[in-house]
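Q: 3D model of this:
(one chain, ligands or ions: 1)
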Amino acid sequence: MAQLYFYYSAMNAGKSTSLLQSSYNYNERGMRTLIFTAEIDNRFSQGKVSSRIGLSADALLFSPTTNMAEIIKSENGIKKVHCVLIDECQFLTKQQVEQLCDIVDNCDIPVLCYGLRTDFSGELFAGSQYLLAWADKLVELKTVCYCGRKANKVLRIGNDGIPVYEGAQVDIGGNEKYISVCRKHYTEAIEQAKLMNQGVIPKVAIHFN
Ligand SMILES: [Zn+2]
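A: This is a model prediction of the structure:
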């Protein structure tokens, strides 16, 4: 029986690399995969999943209004789909996660979702919330903080080098950087940023190394 998988991590844990490797493994056996990525992600060219180590593959785009079930069923009707892979799955809506459950349960197609668990303020993304709740398999892809501990938090660093702790969950077209850190260093960095913004300590970029 097919299952719904949620591969989650902080930033830069090799999610796209892992997705592309899984897709390759299916294709190598003559099986067809469908890859989706979020329309919101403009880091690379549109309609592609690219990994930092240079691999890439064409992808269909989803926005909050995309009917995932309709597209997958239509493609499966044209030619059998053996696996669906979704990058940036934190941007899925609750309804889209329900649609993916339908695909797994009623079309018997495995769906592998890759994405972030939490945003820069430590809150769950909507897609991640429902995947954590409903996926059959939860798999953590681990990455490390500069201190060597497991990185399970994402810091948004502003143009001034100071961590940002307020604002929209998705920063479209922004120049902010994101780095993965452990919980201890996340909390320390946010505390320092607050003191800087209150004028208690001088404003200087925090270095993570
Ligand atoms: Zn750390």
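Q: Mind pulling up the pLDDT for the residue nearest the centre of the chain?
A: The residue lying closest to the centre of the chain (Cα atoms, centre = their mean) is Gly115, at 2.2 Å. Per-residue confidence (pLDDT) for Gly115: 95.
Q: Relative to the strand or helix carrying it, what are the paired strands and their orientations?
A: Taking DSSP states H and E as the definition, Gly115 sits inside strand 111-116. For strand 111-116, the pairing partners within the sheet under DSSP bridges are strand 4-9 (parallel), strand 83-86 (parallel).
Q: you'd agree Ile190 is in a helix?
A: Yes. Judged by DSSP: H, G, I helix; E, B strand; the rest coil, Ile190 forms part of a helix.
Q: hmm, back to that, just checking, the residue nearest to the centre of the chain touches Glu88?
A: Yes. The pair Gly115 and Glu88 passes the contact test of Cβ atoms under 8 Å, sitting 5.7 Å apart. No exception for glycine: its C-beta is placed from N, CA and C like everyone else's.
Q: Turn the strands paired with strand 111-116 into TSV, including mean pLDDT and mean neighbour count.
A: As requested, the strands paired with strand 111-116 are exported to TSV (pLDDT from 0 to 100; neighbours: other Cβ atoms under 10 Å):
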stretch	mean pLDDT	mean neighbour count
strand 4-9	96	23
strand 83-86	98	26
